[in-house]
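> Make a model of this:
(one chain, ligands or ions: 2)
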Amino acid sequence: MAGIYLHIPFCKQACHYCNFHFSTSITNKHVVINSMIKEVEIKSRFNSDIIESIYFGGGTPSLLSVSEINNLIKIIYKKFKISENIEITLEANPEDLTLDMVKKLSLSLINRLSIGVQSFNDSELKMMNRSHNSNQSKNCIDNALKYFDNLSIDLIYGMPNSNFRTWAKNLQILENWEINHISAYALTVESNTALKKFIEKKIIMPLDEEEVYEQYNFMYEKFLSLNYINYELSSFSKEGYFSKNNSSYWLGKKYIGIGPSAHSFDGKIRSWNISNNSKYVKQIINNELFYQKEHLTKIDRYNEYVMTGLRTIWGVSLDHIEEKFGKKFSYNIIKKSKKFIDLNMLEIFDRKIFTTKKGKFLSDGIASELFIINC
Ligand SMILES: C[S@@+](CC[C@H](N)C(=O)[O-])C[C@H]1O[C@@H](n2cnc3c(N)ncnc32)[C@H](O)[C@@H]1O
Ligand code: SF4
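Ligands and ions are numbered 1, 2, ... in the order given. This is a model prediction of the structure:
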């Protein structure tokens, strides 16, 4: 089983916090898509996996027309073996999801929408430089729910001008709808972003970690009380609505990345496509190498397993570690976990290590202390 990730590298404008790969010029949109179609053909030649999820991510996939989306799906169906229960997600920005667009999408093979709401607070949206306001998001959710029940909403907490009150209000507004999946990310101040520059120049002051934790904790309690399952640090889902695409990353499954900057993983080798639209097109057209790759060592794969496992409800299995990496690795993790078990940040049951509620928010930091650096 494997997933396919399609990176649509275009956005209307640059959000101040974002360092994903995208271009704000859409003039060469159709050449990029044609090259992506060619990349699907190329990568299908070496692949016999059954595809269980297709994910249109970005950038802004909702800038494509429904016929462009359908052409990409069509070539995947033609070239790969497809699972009967395939999940096909489209990431969409609120201003693009008009009722007409949603209706057309519901007639395509897309069966899940992920909407980038980020916040319902207009001053937060302005600080983020989002290209929509809160009313557009509300209309868009109304539209989407008319045709899709498998709907996910993206939110960002810990924004510099947010506070406990504005975050609580955001979550309260969300209760107006029955939404089956929510991804809520702590703001990361990424390099090469406007936000990073504003903070360096002291134009904007970031929140301190305690305030961010307060927002996280409030959200965690609230979503659990509303019967969401926190199946991964940032992902909350009603029963039966876990994202197949995201779960495949966390469970270490294979994925095939298509498009500029897209990453792929075949179980041992990770590769990443060139993050430049014109160079990507040129190299695909000229049959030149358009990606770089690295072989993950056993230690790399172990460290990744620990990092992702601690973020999820599936935890880190000692039996899996012994089987895949050897006893030396399971001794390492048992020994290094002790400190965090005593601090009530980790717990072990059924030969699996999990983060407790207290440790969850710090899971990446804890994982890095459990890593093996040299063997
Ligand atoms: C890369 S975007 C693509 C989807 C779509 N263009 C959008 O903006 O809604 C996917 C999600 O990543 C999250 N994201 C991007 N940069 C982030 C950052 N620096 N900190 C936290 N979340 C971020 C946002 O919630 C966003 O919805
Ligand atoms: S958050 Fe989404 S819309 Fe904003 S720049 Fe990043 S990819 Fe584009």
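> Domain boundaries for this protein, per the record?
If you go by automatic domain parsing, the domain ranges for the chain are 2-249, 298-370.
> Would you enumerate the residues in contact with the closest residue to residue 107 other than its chain neighbours?
Closest residue to residue 107 in three dimensions, ignoring its sequence neighbours and counting by C-beta to C-beta, 6 or more residues apart in numbering: residue 66, at 8.0 Å. For glycine as for every other residue, the C-beta is placed from the backbone atoms N, C-alpha and C. By C-beta atoms under 8 Å, 6 or more residues apart in numbering, the residues touching residue 66 are 101, 104, 105, 107, 108.
> and the residues you listed as JSON lines, adding distance to ligand 1?
What follows is the contacts of residue 66, written out as JSON lines (distance: C-beta to the nearest ligand atom, whole Å):
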{"residue": "101", "distance to ligand 1": "15"}
{"residue": "104", "distance to ligand 1": "19"}
{"residue": "105", "distance to ligand 1": "15"}
{"residue": "107", "distance to ligand 1": "22"}
{"residue": "108", "distance to ligand 1": "19"}
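> Residue 241 falls within a strand, correct?
No: secondary structure assignment places residue 241 outside any strand; it is coil (DSSP: H, G, I helix; E, B strand; the rest coil).
> how close does the residue nearest to residue 107 sit to ligand 1?
Taking C-beta to the nearest ligand atom, to the nearest Å as the measure, residue 66 and ligand 1 are separated by 17 Å.
> Could you report the pLDDT at the residue most central in space within the chain?
Nearest to the geometric centre of the chain sits residue 246, at 6.3 Å (C-alpha atoms, centre = their mean). On the pLDDT scale, residue 246 is placed at 85.
> can I assume it is in contact with residue 236?
No: applying C-beta atoms under 8 Å, one finds residue 246 not in contact with residue 236, separated by 11.8 Å.
> shared neighbours, the two?
With contacts defined as C-beta under 8 Å, 6+ apart, the residues adjacent to both residue 246 and residue 236 are residue 183.
> give me every residue that touches whichever residue of the stretch 201-350 of the chain sits closest to ligand 1.
For the stretch 201-350 of the chain and ligand 1, the shortest gap (C-beta to the nearest ligand atom) falls at residue 234, measuring 8.4 Å. Contact partners of residue 234, counting by C-beta under 8 Å, 6+ apart, are 183, 184, 185, 186.
> Let me know whether the first one touches residue 156 as I believe.
Which is residue 183. No: distance between residue 183 and residue 156: 9.6 Å, which falls outside the contact criterion (C-beta under 8 Å).
> What residues does this structure have near ligand 1?
Taking C-beta under 6 Å from any ligand atom, the part of the chain that reaches ligand 1 is made up of 17-18, 20, 58, 60, 91, 93, 116, 118, 154, 156, 185, 187-188, 190.
> Where is pLDDT lowest across these?
Lowest confidence among these: residue 58, with 94.
> That one: neighbouring residues, count only.
When neighbours are defined as other C-beta atoms under 10 Å, residue 58 has 24 of them.
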